[in-house]
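# Predicted structure and sequence below. I'll ask about it afterward.
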Protein chains: 2
Amino acid sequence: MKADDAGNIFAQLPPSLSEEVFQEIIHGKRFRLERIISFGQATPGGQWYDQEQHEWVVLLSGAAGLRFEGEEGVRVLHPGDFVNIPAHTRHRVEWTDEKQSTVWLAVHYSKSDAA
Amino acid sequence: MKADDAGNIFAQLPPSLSEEVFQEIIHGKRFRLERIISFGQATPGGQWYDQEQHEWVVLLSGAAGLRFEGEEGVRVLHPGDFVNIPAHTRHRVEWTDEKQSTVWLAVHYSKSDAA
């Protein structure tokens, strides 16, 4: 097989972003890599992500504020910042940069067949 | 569980790099995410990587030249450039930036329990 699926992670950003965009890049056995593009969006008020899989996420451009249930304050993420979010760790995106695209890479994964 | 393992992908770069550095960030069921840091290194002459797993790699800082067996020329990677390298696709790093750290994120993965 040849090397394939080459590109640039900052290229082909959607022309308009009324909502956040989630694009799968690759998936394997019990894991999925995706690009997420935000432009000012936030998780709707009162809602939390509560995910079955672990998620490792790195912010590559823009900025964002992440809140984790039970934590004081909001974690501000700048380019290169990453965080590992264990399954069922409730979190929400409080804000994303309103002046440029925020590009994230997220790995959704399981440590075993059970979780 | 709490959000954990937070940091910046460009932080805590090794003070000296006589060799490339491979650091595991997370692993799951049949996948592994690692940070690779290069500073001028290349794959030794005549050697090729020939890997059992697929590898998706993105270059986040610096620059590098990647050669794939059977391809004319070298693919030059700049920040944000990624490529998916199927298992057993022979490739080598021809060069990496000699003036700054080249930081890569690599996902080694399998599509099934068999490969």
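Everything's here; your move. Please read all numbers here as calculations on a predicted model, not as lab measurements. Residues are numbered from 1 along each chain as shown, chains lettered A, B, ... in the order given.
# where does chain A have low pLDDT?
For chain A, residues meeting the criterion pLDDT under 70 lie at A:1-2, A:16, A:113-115.
# hmm, 90 instead?
Judged by pLDDT under 90, chain A has its weakly predicted residues at A:1-5, A:12-20, A:28-30, A:110-115.
# ok, which stretches of it are strands?
A:4-8, A:21-28, A:31-38, A:54-61, A:64-68, A:75-77, A:81-85, A:91-96, A:102-109 (DSSP state E).
# Please produce JSON lines containing these, extended by mean neighbour count and distance to B:P79.
Heads up, the C-betas are built off the backbone N, CA and C, glycines and all. Below are these laid out as JSON lines (neighbours: other C-beta atoms under 10 Å in any protein chain shown; distance: least, C-beta to C-beta, whole Å):
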{"stretch": "strand A:4-8", "mean neighbour count": "13", "distance to B:P79": "8"}
{"stretch": "strand A:21-28", "mean neighbour count": "15", "distance to B:P79": "17"}
{"stretch": "strand A:31-38", "mean neighbour count": "21", "distance to B:P79": "15"}
{"stretch": "strand A:54-61", "mean neighbour count": "22", "distance to B:P79": "9"}
{"stretch": "strand A:64-68", "mean neighbour count": "20", "distance to B:P79": "19"}
{"stretch": "strand A:75-77", "mean neighbour count": "17", "distance to B:P79": "18"}
{"stretch": "strand A:81-85", "mean neighbour count": "22", "distance to B:P79": "16"}
{"stretch": "strand A:91-96", "mean neighbour count": "20", "distance to B:P79": "21"}
{"stretch": "strand A:102-109", "mean neighbour count": "23", "distance to B:P79": "12"}
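# among those, which is nearest B:Y109?
B:Y109 sits nearest to strand A:21-28 of all those, at 3.8 Å, using C-beta to C-beta.
# Could you check how far the nearest residue to A:I85 once chain neighbours are set aside is from B:G70?
In space, and not counting its chain neighbours, A:I85 is closest to A:E55: 4.5 Å by C-beta to C-beta, 6 or more residues apart in numbering or on different chains. Relative to B:G70, A:E55 is positioned 37 Å away (C-beta to C-beta, to the nearest Å).
# Could you do A:D50 as well?
The spacing between A:D50 and B:G70, counted by C-beta to C-beta, is 47 Å.
# if we can go back for a sec, so what's the residue nearest to A:I85 up against?
A:84-85, A:106-109 (C-beta atoms under 8 Å, 6 or more residues apart in numbering or on different chains).
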